[in-house]
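Engineer: got a predicted structure here, sequence first:
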Amino acid sequence: MSSALLDALDIDQAHFCGLSKGGMVGMWLGVNAPRRIDRLVLCNTAAKIGTAELWNARIDAVRRGGMAAVADVVLERWFTEGFRAREPMAVAPRQADAARYPTGGLRGLLRSGATTWTSARPSRRFRRPTLVVAGHP
């Protein structure tokens with residue numbers, strides 16, 4: 001992770017909102033490039049998500065079966081069981097989207113999940129206004 005995108009776009013400082021893995025990116029930026037971030041929003045994220053074993057198992061599943069192999073797991077993370085049962089017509093297009101997601105990009109994202117540990121306590125070094133949003137089904 002780096003602030004190379006901000007450099008490429010000639011943006012000195014930005015507000016950043018990250019969801020899940022994007023929140024990990026935001027924490028990294030807040031700790032490692034704090035002058036680049038004015039305000040930070042972290043949504044449903046953590047400094048570490050899952051275990052290397054979990055991420056590596058998903059990488060293997062995608063390698064063997066493509067996105068179809070993990071589409072149901074993705075939907076379980078996006079929608080509660082009750083919502084999936086009540087609103088199948090709302091979920092169906094997202095299931096089709098998940099099945100079409102490019103596997104190369106997903107494998108890269110999953111690999112980063114297996115190796116990323118932002119910091120045990122990023123807030124101790126990051127002093128910019130930060131909103132943390134968490135939800136639970």
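Structural biologist: Okay, I see it.

Engineer: all strands of this structure, in order?
Structural biologist: 14-19, 37-43, 130-133 (DSSP state E).

Engineer: quick check: domain ranges of the chain?
Structural biologist: Structurally, the chain divides into domains by automatic domain parsing as follows: 1-49+118-137, 51-115.

Engineer: can I get those in TSV including mean pLDDT and mean neighbour count?
Structural biologist: Just so you know, the C-beta spots here come from the backbone N, C-alpha and C atoms, and that holds for glycine as well. Shown next, in TSV, are the domains of the chain (pLDDT from 0 to 100; neighbours: other CB atoms under 10 Å):
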stretch	mean pLDDT	mean neighbour count
domain 1-49+118-137	82	15
domain 51-115	81	14
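
Engineer: circling back: distance to Phe83 added to the strands of the chain, as JSON lines?
Structural biologist: Conversion of those to JSON lines gives the following (distance: least, CB to CB, whole Å):
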{"stretch": "strand 14-19", "distance to Phe83": "18"}
{"stretch": "strand 37-43", "distance to Phe83": "18"}
{"stretch": "strand 130-133", "distance to Phe83": "19"}
